[in-house]
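A.B. asks: coords please:
(chains A and B)
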Amino acid sequence: GAVVSQHPSRVICKSGTSVKIECRSLDFQATTMFWYRQFPKQSLMLMATSNEGSKATYEQGVEKDKFLINHASLTLSTLTVTSAHPEDSSFYICSAVRYPGQTLGNEQYFGPGTRLTVT
Amino acid sequence: QKEVEQNSGPLSVPEGAIASLNCTYSDRGSQSFFWYRQYSGKSPELIMSIYSNGDKEDGRFTAQLNKASQYVSLLIRDSQPSDSATYLCAAVRKTSYDKVIFGPGTSLSVIP
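C.D. replies: Predicted structure coming up:
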């Protein structure tokens, strides 16, 4: 299989504090991981692409100084929400890309998500 | 025009029927296509991947790809109430890196 874990699953923090979310690929190496945000009843919104050993690529409108991404190894990427505010409350989901051999495939496997609530 | 489009639904089918989910994409250079299932409050789960024209079957699921029409579909045979979820279509767009573009999702409800 292709298992991706995320930690923590739920976090409540006070406004102004920072929160770190970890994303790990447990049984495969992932040179690329993605970070998404999803608001209730809305689709996934890609925030950034995390590449091992290089800077993350952020989507338009996503503040890179607010959402810090570090892809420290082939199995770990972290997202830090800095100076969190209530509007940052959302469901944050990571995914890791597993390339199935020599095909063109780009199968993403998602972590279980982290529900962030900022009070 | 959105890059990947789906009917938002909700699509309702009776238990045991065939559910048909459709998706169109705008980038002709897209090469890989995926269907994900997402239950409420959970993260997406990969169901099917398809890379070449034609049909691909996996259990009760059949994915169909027509690159000329830029059309991808997912058929669910013998639909079960547990299939009730939002189904996300995704296409890989070639840029400087592979970028997966998700559609808005179609909500499916299987009525017992």
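A.B. asks: right, and the helix or strand after the least confident helix or strand in chain A by mean pLDDT?
C.D. replies: The weakest-scoring helix or strand in chain A, judged by mean pLDDT, DSSP states H and E, is strand A:107-110 (a mean of 84). Remark: after strand A:107-110, the chain's next helix or strand is strand A:114-118, criterion DSSP states H and E.
A.B. asks: What's the mean pLDDT across that following strand?
C.D. replies: The pLDDT scores in strand A:114-118 average 97.
A.B. asks: And stretch A:59-67, by the same measure?
C.D. replies: 94.
A.B. asks: any residue of stretch B:36-45 up close to chain A?
C.D. replies: Yes - counting by C-beta under 8 Å from any C-beta of the partner chain, chain A has neighbours in stretch B:36-45: B:36, B:41-45. From N, CA and C alone the C-beta is placed, and that goes for glycine too.
A.B. asks: residue ranges with poor pLDDT in chain A?
C.D. replies: Under the criterion pLDDT under 70, the flagged ranges of chain A are A:1, A:99-106.
A.B. asks: Quick one: the strands in it, in order.
C.D. replies: Secondary structure of chain A (DSSP state E): strands located at A:4-7, A:10-13, A:19-25, A:32-38, A:45-51, A:57-58, A:67-73, A:76-81, A:90-98, A:107-110, A:114-118.
A.B. asks: who does residue 33 bridge with?
C.D. replies: Defaulting to chain A. Assessed by DSSP bridges, residue A:33 has beta-bridge partners residue A:50, residue A:96.
A.B. asks: wait, I meant chain B there
C.D. replies: Bridge pairing for residue B:33 - DSSP bridges - gives residue B:50, residue B:91.
A.B. asks: one step back: restricted to buried residues, select the residues of stretch B:36-45 next to chain A in ChimeraX.
C.D. replies: Restricted to buried positions by 16 or more other C-beta atoms under 10 Å in any protein chain shown, the ChimeraX selection for those reads:
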select /B:36,43,44
